[in-house]
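Asker: Could you work out the structure for the sequence below:
(2 chains)
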Amino acid sequence: MTTETLKTKASVLENLVAVRAMIRRHKRNDVIFAAIGLIALMLGLLTLLTLFIDLVMDGYPRFNLEFFSNFPSRRAANAGLLSAWVGSLLVMAVTFLTAVPMGVAAGLYLEEYAPKNWFSDLIEINVSNLAGVPSIIYGLLALGLFVYGLGLGESILTAGLTLGLLTLPVVIVSTREAIRGIPVAIREAAYAVGATKWQVVKDHVVKYSQGGILTGVIIGMSRAIGETAPIITIGALTFIAFLPPAPITEVAPFINFEWLSSGFTVLPIQMFNWLSRPDHAFHTNAAATGAIIILLTLLMNGTAIYLRYQIRKNIKW
Amino acid sequence: MINATPALKAESRDLNFFYSNGNQALKSVNMPLYENKITALIGPSGCGKSTFLRCFNRMHDLYPGNKYEGKIVMHPDNTNILEAGVDPIEVRMRISMVFQKPNPFPKSIFENVAYGLRVRGEKNKRTVADKVEEALKGAALWNEVKDRQQDLAFNLSGGQQQRLCIARALATDPEIMLFDEPTSALDPIATANIEELMSELKSKLTILVVTHNMQQAARVSDYTAYMYLGEMMEYGDTDTIFTRPTRKETEDYITGKFG
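Answerer: Here you go, the predicted model:
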């Protein structure tokens, strides 16, 4: 071993020119790979950017306040997004309130409490698969279960629950990932002072995985906000010239749940509706809506990254 | 030199331990733990000394499939802490632990030390603050952190973090404190501080320490146990073990012939 090392050492000295040529040759591969990677990245990014710019340019005439405060109309120039963005907002609220508590609880249970056996393995595989099920299948399920089975009708509640189901696996998976990132040493430290499992979960596991969980939640929600297929399946209306009853009222008890059973439309459906009109003026509206949806998604993902950074800042491991 | 035999705080009796993969890591280990003394566990890597230490606070219960046989009896109440009816949480409330690498929580210095009290449901702010101060003083950290108790624990140096972990283990008045190679991640000065601290702590409690460092065992401990392949090869007062070991294997290990 020693003699061999010595020989190599000597040979480097003797063949200095050749060795330098070899290093240069090897380094060329670095440059080539970096170039390929950059091109691949740019192809993806530029496609998205082109699409976005195209939408903005087409939809430009509609970027004004009236577009957000008008109901849909037979005249394209007067048609607005009011019912659609209010609908999206309310549906997302229901989605958030169902998917987050259920997803986090399920993730915590699977990771911290569930016994490790073939059954929990089976559940794990299924949860991962659920995240990949096409969204229209969720729509069919919701049509049978929520609309007809439970009689919830073609309502905001149905849509919110449907998108909640769609988001659930994403939240579960990201919760588990975030929990797994907590070092064993931290858990053991908590157990060693006499904490129960629930105390460890509530004081440590949930606190330190907040960033990861939140990221998963927002990414799941930003996927849900653009979903069209399952919402069409459960029968969202495409032309709505009214708002659902306000959730907050002026008289006691100040809170009102009627909006949950109201008919609704959402941004992607409004866009779909305008796009399917023969009149080209409506296509301008569709383009503007598309740009807004993309912007919204970017904004949500940006928030996710920012929040994760803020929360992770104080945690070093 | 130890004159009279001190009081017994705990003892392991025919302790066998099996990991979930069926490996027997401890073979019929018998060892006393004397009150207000430091007992050191030495031996080569994989000899079972950490496994043995972690039996004392039932740390192995956190992972499914691990199995104990035999007893660890605590005195004066004669409780076998390995018995199925004894809750590991109760054991951990009596026996605290300091780990190999400093593992403070990503919380403030104050909250790190207070956590044991919070777990026990202590709500009185005054009591908590007093206990935290007492523990930080006990861990020789008070002077360095008294003006910045709300700072994040990660901002402390490695040695300070380890003393913080000792304060955390101390705040709940444990009867026994377990140290699992507490200085292996620290520099020599921080190591000396921790060793000095251990010698001070033994007036209040009983210490069991695992160490890779033979000099450390010789410096701080009153009793030393040499383990090899899951067995207790030799146990005695530290002076005897290091100067006149009865077994050839012990002598080979402490003189550095293997290990």
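
Asker: Output stretch B:133-153 as CSV, nothing but the C-alphas.
Answerer: Output of stretch B:133-153 as CSV, limited to C-alpha atoms (Å, rounded to 0.1, in the frame of the first residue of the first chain):
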residue,chain,number,x,y,z
GLU,B,133,-31.9,29.9,38.7
GLU,B,134,-30.9,27.2,41.2
ALA,B,135,-30.3,24.7,38.4
LEU,B,136,-28.3,27.1,36.3
LYS,B,137,-26.2,27.9,39.4
GLY,B,138,-25.8,24.2,40.1
ALA,B,139,-24.6,23.7,36.5
ALA,B,140,-22.1,26.6,36.9
LEU,B,141,-23.8,28.5,34.1
TRP,B,142,-25.7,31.2,36.0
ASN,B,143,-23.0,33.9,35.8
GLU,B,144,-22.7,33.5,32.0
VAL,B,145,-26.4,33.6,31.2
LYS,B,146,-28.2,35.3,34.0
ASP,B,147,-28.8,38.5,31.8
ARG,B,148,-29.8,36.6,28.7
GLN,B,149,-32.1,33.8,29.8
GLN,B,150,-34.5,34.6,27.0
ASP,B,151,-31.8,34.1,24.3
LEU,B,152,-32.0,31.1,22.1
ALA,B,153,-30.0,28.1,23.6
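
Asker: now check it, is it near chain A?
Answerer: Yes - using C-beta under 8 Å from any C-beta of the partner chain, stretch B:133-153 comes into contact with chain A via B:Leu152. In short, each C-beta sits where N, CA and C put it, glycine included.

Asker: for A:Ser155, phi and psi?
Answerer: Here is the backbone geometry of A:Ser155 (degrees, to the nearest 10): phi -120, psi 170.

Asker: That one reaches A:Leu260, doesn't it?
Answerer: Yes - A:Ser155 lies in contact with A:Leu260 (C-beta atoms under 8 Å); the separation is 6.3 Å.

Asker: Tell me which of these two has more neighbours.
Answerer: Counting neighbours by other C-beta atoms under 10 Å in any protein chain shown for A:Ser155 and for A:Leu260 shows that A:Ser155 has the greater number, 23 against 20.

Asker: Skip the chain neighbours and tell me the closest residue to the more buried one.
Answerer: Closest residue to A:Ser155 apart from its sequence neighbours, by C-beta to C-beta, 6 or more residues apart in numbering or on different chains: A:Ser261 at 4.6 Å.

Asker: Could you do A:Gln310 as well?
Answerer: Nearest non-adjacent residue to A:Gln310 (C-beta to C-beta, 6+ apart): A:Gly211, at 7.8 Å.

Asker: and chain A, which residues reach chain B?
Answerer: A:115-116, A:183, A:185-196, A:199, A:203-204, A:208, A:314-316.

Asker: What about these, which are in helices?
Answerer: If you go by DSSP state H, the residues of chain A next to chain B have A:Ala185, A:Ile186, A:Arg187, A:Glu188, A:Ala189, A:Ala190, A:Tyr191, A:Ala192, A:Gln199, A:Tyr208 in helices.

Asker: Which positions in chain B make contact with chain A?
Answerer: Within chain B, the residues that sit near chain A (C-beta under 8 Å from any C-beta) are B:57, B:59, B:62, B:64, B:89-90, B:92-93, B:96-97, B:99, B:101, B:103-106, B:115-116, B:118-120, B:152, B:154, B:165, B:168-169, B:172.

Asker: Need the buried ones from the residues you listed selected in PyMOL.
Answerer: Here is the PyMOL command that picks out the buried ones among the residues of chain B next to chain A, judged by 16 or more other C-beta atoms under 10 Å in any protein chain shown:
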select buried, chain B and resi 57+59+62+89+92+93+96+97+99+101+103+104+105+106+115+116+119+152+154+165+168+169+172
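
Asker: mind listing which of the residues of chain B next to chain A are in helices?
Answerer: Members of these lying in helices (criterion: DSSP H): B:Ile89, B:Glu90, B:Arg92, B:Met93, B:Tyr115, B:Gly116, B:Arg118, B:Val119, B:Cys165, B:Arg168, B:Ala169.

Asker: Now do the contacts for the third one.
Answerer: What that stands for is B:Arg92. Counting by C-beta atoms under 8 Å, 6 or more residues apart in numbering or on different chains, B:Arg92 touches A:Tyr191, A:Ala192, A:Val193, A:Gly194, B:Asn57, B:Arg58.
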